[in-house]
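K.L.:
Could you look at this predicted model? Sequence included:
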Amino acid sequence: MGSSKRLAAHYDMRAHHKAILRATQSGPLQSLSEREVALQEQPLTTYPQPYRAVRAWVHFGAEAIRVDAKLARSTPLAAGIEFRAGEQVFRCWVWGNAVTVDDDD
């Protein structure tokens, strides 16, 4: 018996959320510091909702994991992203080169 693509996508999402929640056990979500983001010196772009779908590398403690995220804001060097795992919403700043546009959107 086969499964539908919709169900496969749902199970992939659930597995991804579980992987993120496991990564949270390695430590808190790391975000760039105010000094690194440099909002006082750099122009800030805030994107309207719905935000652009991206894939980004984030760190929980020392563990790196690639997440499906939404691009909410950016500077020339950094990206402000948000992503979900279960009922939790995570927000952080990452370096811009840690982010790629999700072409599936």
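P.N.:
Great, that's in hand.

K.L.:
roughly how far apart are residue 27 and residue 86?
P.N.:
Separation of residue 27 from residue 86 (CB to CB, to the nearest Å): 18 Å. C-betas here are computed from N, CA, C, even on glycine.

K.L.:
just residue 78 next, same as before
P.N.:
Residue 78 sits 26 Å away from residue 86, going by CB to CB.

K.L.:
Which positions within the least confident helix or strand in the chain by mean pLDDT qualify as buried?
P.N.:
Counting by mean pLDDT, DSSP states H and E, the chain has its least confident helix or strand at helix 5-23, which shows a mean of 79. Neighbour counts over helix 5-23 (16 or more other CB atoms under 10 Å) mark 16-17, 20, 23 as buried.

K.L.:
And the helices in this protein, which stretches?
P.N.:
Taking DSSP state H, the helices of the chain run over residues 5-23, 34-37.

K.L.:
Among those, which comes closest to residue 99?
P.N.:
helix 34-37 (13.9 Å; CB to CB).

K.L.:
Could you list every helix and strand that the closest one packs against?
P.N.:
Packed against helix 34-37, as judged by 3 or more CB pairs under 8 Å, 6 or more residues apart in numbering; DSSP states H and E, are no other helices or strands.

K.L.:
List the neighbours of that helix that are in contact with it.
P.N.:
75, 78, 93 (CB atoms under 8 Å, 6 or more residues apart in numbering).

K.L.:
so which of the buried residues of helix 5-23 comes closest to residue 46?
P.N.:
Among the buried residues of helix 5-23, and counting by CB to CB, the member closest to residue 46 is residue 20, at 24.7 Å.

K.L.:
For the chain, give me the ranges with low pLDDT.
P.N.:
Scanning the chain for pLDDT under 70 picks out the ranges 1-3, 103-105.

K.L.:
And the strands in it?
P.N.:
Along the chain, the stretches classed as strands by DSSP state E are 45-46, 52-60, 63-74, 78-85, 88-95, 99-101.

K.L.:
relative to strand 88-95, how tilted is the second one?
P.N.:
Orientation of strand 52-60 against strand 88-95 (axes from the mean of the first three to the mean of the last three CA atoms, to 10 degrees) gives an angle of 90 degrees.
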